[in-house]
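[1] Model the following, please.
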Amino acid sequence: MCAHVLVAEDDVNQAELIRRYLEHEGHAVRVVHNGRSVLDEHHRDRPDLIVMDVMMPVMSGLEACRVLRAESDVAVLLLTARSTEEDLLTGLDLGADDYVTKPYSPRELMARVRTLLRRSRTPVRDEERVLQAGPITVDPARHTVRVDGEPVGCTPVEFQLLQALAVRPGRVLSRAQLLELIHGISGYITKRTIDVHVKNLRRKIEPDPRKPVRLVTVYGVGYKLAVPERAR
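    Next up, the predicted model:
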């Protein structure tokens, strides 16, 4: 699975280490050292994945992620030395797909890269049916989402979350079930991660994200895609 990966890391030695591991995996790699260069490189040659440090000069990784999400659904993996849950959730809230906390092993980082690239490169299969949940249409083969017929851009994780719910319209899935479906069982992901991705999805698919009527919370249980009675 050869991909174009953009690495943004202000530590030159660390950036070179990441480059070597990515190239060993067969990827084409570009390296920059600040958030502003991330945006410039993204505009010049759209990558498949951005691996980006949070703390960088000129523009932080968080700010670069915020700007990217206003114009692109490229997969973003954040590297951060901030290990508190609130700091990590801030990155997800800004649209990052995943994060790795420092210090990390290169093998762990490569595993996360492979996972994100698999999510963002869903193979086209004729037998994959289009999913419908009320006004929401999810097409797994084309990796597209439409709401009331209008295209909606989703990050790889958001798409996987929406697909998991659309396969089961009207059925409640717990946070633990959703975590297993989109990440697999892993200790580095918390249930609050799901809440952040749900909040980001609501901004895209709800008429009023503050009063969700499509992706709804079943308190004490989890989330579901609500569908009209006549559509069940």
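[2] among the helices and strands of the chain, which has the poorest mean pLDDT?
    helix 85-93 (a mean of 76; mean pLDDT, DSSP states H and E).
[3] Convert the C-alpha atoms of it to PDB, please.
    Provided in PDB are the C-alpha atoms of helix 85-93 (Å, rounded to 0.1, in the frame of the first residue of the first chain):
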ATOM      1  CA  GLU A  85      -6.900  13.200  28.100                       C
ATOM      2  CA  GLU A  86      -8.000  16.800  27.600                       C
ATOM      3  CA  ASP A  87      -5.000  17.700  25.500                       C
ATOM      4  CA  LEU A  88      -5.500  14.600  23.300                       C
ATOM      5  CA  LEU A  89      -9.200  15.200  22.900                       C
ATOM      6  CA  THR A  90      -8.500  18.800  21.800                       C
ATOM      7  CA  GLY A  91      -6.600  17.400  18.800                       C
ATOM      8  CA  LEU A  92      -9.500  15.000  17.900                       C
ATOM      9  CA  ASP A  93     -12.000  17.900  18.300                       C
END
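[4] Could you list every helix and strand that it packs against?
    Judged by 3 or more C-beta pairs under 8 Å, 6 or more residues apart in numbering; DSSP states H and E, the packing partners of helix 85-93 are helix 61-69, strand 75-80, strand 98-101, helix 191-205. For every residue, glycine as well, the C-beta is placed using N, CA and C.
[5] which residue is nearest the centroid of the chain?
    In the chain, the residue lying closest to the centroid (C-alpha atoms, centre = their mean) is Asp97, at 2.7 Å.
[6] Show me which positions of the host helix or strand of Leu161 end up buried.
    Using DSSP states H and E, Leu161 falls within helix 156-166. Within helix 156-166, the residues that qualify as buried are Pro156, Val157, Glu158, Phe159, Gln160, Leu161, Leu162, Gln163, Ala164, Leu165, Ala166, counting by 16 or more other C-beta atoms under 10 Å.
[7] thinking again about what came up before, buried sites along the least confident helix or strand of the chain?
    Leu88, Leu89, Thr90, Gly91, Leu92, Asp93.
[8] Could you do stretch 207-216 as well?
    Applying 16+ other C-beta under 10 Å to stretch 207-216 flags Pro212, Arg214, Leu215 as buried.
[9] For it, list the C-alpha coordinates in PDB.
    Extracted as PDB, the C-alpha positions of stretch 207-216 are listed here (Å, rounded to 0.1, in the frame of the first residue of the first chain):
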ATOM      1  CA  PRO A 207     -29.600  20.700  10.700                       C
ATOM      2  CA  ASP A 208     -28.700  22.000  14.200                       C
ATOM      3  CA  PRO A 209     -25.800  20.200  15.900                       C
ATOM      4  CA  ARG A 210     -26.800  21.500  19.300                       C
ATOM      5  CA  LYS A 211     -30.200  19.700  18.900                       C
ATOM      6  CA  PRO A 212     -29.300  16.400  17.100                       C
ATOM      7  CA  VAL A 213     -32.200  14.500  15.500                       C
ATOM      8  CA  ARG A 214     -30.200  12.200  13.200                       C
ATOM      9  CA  LEU A 215     -27.200  11.000  15.200                       C
ATOM     10  CA  VAL A 216     -28.800  10.800  18.600                       C
END
